[in-house]
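> Sequence isn't available, so here's the structure alone:
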């Protein structure tokens with residue numbers, strides 16, 4: 001399978017550009033930079049041509065609209081290429097030094113999977129429900145993702161996955177919810193997402209003089225709108241609970257706290273993996 005790699009960023013985010021180029025070089029990865037939708041320039045009317053202000057997970061803030069539309073630009077660019085799989089990053093990630101070994105040979109790719117999370121979402125308490133049928137590769141596990149997991153800063157996507165995601169327009173939820181929230185997202189169920197753990201990517205690689213550029217500003221709902229959002233999320237979680245419990249009790253799933261590791265291989269196992277890929 002042919003792989004193309006993309007970084008979502010803004011030209012004016014010069015510090016992030018420079019830092020990500022250095023990070024990619026250290027990881028031995030080449031990537032194409034894709035201009036993000038700039039919240040500072042996009043009008044509300046332009047955003048609402050492609051997005052809805054309220055969806056199945058509640059309020060869809062303008063900053064999150066810009067972020068989702070930035071990812072959609074990458075999906076379109078990927079489909080215009082001849083690649084089979086896209087590796088997509090946001091512009092503030094640390095990348096494992098072992099990621100190149102994963103992308104050099106995709107024979108490990110899970111059958112039936114169209115979406116794969118590489119990311120550790122920075123929480124010391126959050127756990128995700130992963131399927132018990134785990135495949136080990138290069139010192140890490142690859143397992144089906146069965147519950148909501150935030151984060152869209154590092155993931156891989158097939159052409160079918162990109163087509164399904166673009167068909168969701170007009171978008172009505174954040175990109176991480178669209179990708180990895182099976183309670184309210186059809187693609188998060190039909191694309192059979194998987195998670196690599198320990199993860200190969202984590203956020204936080206941001207120059208100290210540059211804050212958020214992609215636009216995650218929250219428009220916190222109030223009054224009746226807030227109550228509606230709370231009700232929607234609560235009902236979604238209640239509907240999902242019986243299936244989660246059944247999977248846990250039957251041993252078909254386990255709760256896992258995803259972590260990040262720059263290296264999961266010993267020096268000897270890394271050398272053997274490198275030899276196998278060049279054989």
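Ah, there it is. Since the model is a prediction, treat every value here as computed from it, not as a measurement. Numbers count the residues shown, from 1 in each chain.

> how many other residues sit next to residue 134?
17 (other Cβ atoms under 10 Å). Glycine gets a C-beta too; all of them are placed from N, C-alpha and C.

> next one: residue 137
The tally of other residues near residue 137 (other Cβ under 10 Å) stands at 18.

> And for it, nearest residue in space, chain neighbours not counted?
Leaving aside its chain neighbours, residue 137 sits nearest to residue 108 (4.4 Å; criterion: Cβ to Cβ, 6 or more residues apart in numbering).

> Ok, residue 257 next?
Nearest to residue 257 is residue 127, by Cβ to Cβ, 6+ apart, at 4.9 Å.

> residues touching the one you found, list them.
255-258 (Cβ atoms under 8 Å, 6 or more residues apart in numbering).

> Out of these, the closest to residue 38 would be?
Checking these against residue 38 by Cβ to Cβ gives residue 258 as the nearest, at 30.9 Å.

> I'd guessed the closest one sits against residue 124; true?
No: Residue 258 lies out of contact with residue 124 (Cβ atoms under 8 Å); the separation is 10.8 Å.

> ok so, going back, I'd like to know which of the contacts of residue 127 are buried.
Taking 16 or more other Cβ atoms under 10 Å as the criterion, what is buried in those is 256, 258.

> Helices of the stretch 51-200 of the chain, start to end?
62-79, 99-104, 159-166, 175-180, 186-190 (DSSP state H, counting those that start in this stretch).

> which one of those is the most hemmed in?
Most buried of these by mean neighbour count (mean count of other Cβ atoms under 10 Å) is helix 175-180; its value is a mean of 25.

> hang on, the earlier thing: against residue 141, how distant is the residue nearest to residue 137?
11 Å (Cβ to Cβ, to the nearest Å).

> Now the common contact residues for these two.
Listed contacts common to residue 108 and residue 141 are residue 135; contacts here mean Cβ under 8 Å, 6+ apart.

> neighbour-wise, which of the two wins?
Using other Cβ under 10 Å as the criterion, residue 108 and residue 141 rank with residue 141 on top: 16 against 13.

> For residue 197, see how far away the closest residue to the more buried one other than its chain neighbours is.
Closest residue in space to residue 141, ignoring its immediate chain neighbours: residue 134 at 4.6 Å, by Cβ to Cβ, 6+ apart. In this view, residue 134 and residue 197 are 9 Å apart by Cβ to Cβ.

> any common contacting residues for these two?
Overlap of the contact sets of residue 134 and residue 197 (by Cβ under 8 Å, 6+ apart) consists of 141, 143.

> Report pLDDT for residue 248.
Here the pLDDT value assigned to residue 248 is 97.

> same for whichever strand or helix holds it, what does it pack against?
Using DSSP states H and E, residue 248 sits within helix 223-249. If you count contacts as 3 or more Cβ pairs under 8 Å, 6 or more residues apart in numbering; DSSP states H and E, helix 223-249 packs onto strand 58-59, strand 128-131, strand 253-256.

> Run through the neighbouring helices and strands of the shortest one.
The contact analysis (3+ Cβ pairs under 8 Å, 6+ apart) places strand 58-59 against helix 223-249.

> can you pull the buried residues of the helix it packs on?
229, 232, 236, 240, 247.

> Can I get the residues you listed in JSON lines including distance to residue 98?
Output for the buried residues of helix 223-249, formatted as JSON lines (distance: Cβ to Cβ, whole Å):
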{"residue": "229", "distance to residue 98": "40"}
{"residue": "232", "distance to residue 98": "40"}
{"residue": "236", "distance to residue 98": "36"}
{"residue": "240", "distance to residue 98": "33"}
{"residue": "247", "distance to residue 98": "30"}
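
> Pull the most distant pair out of these.
229 and 247 (27.0 Å).

> how far does stretch 175-188 sit from the chain's center?
10 Å (Cα atoms, centre = their mean, to the nearest Å).
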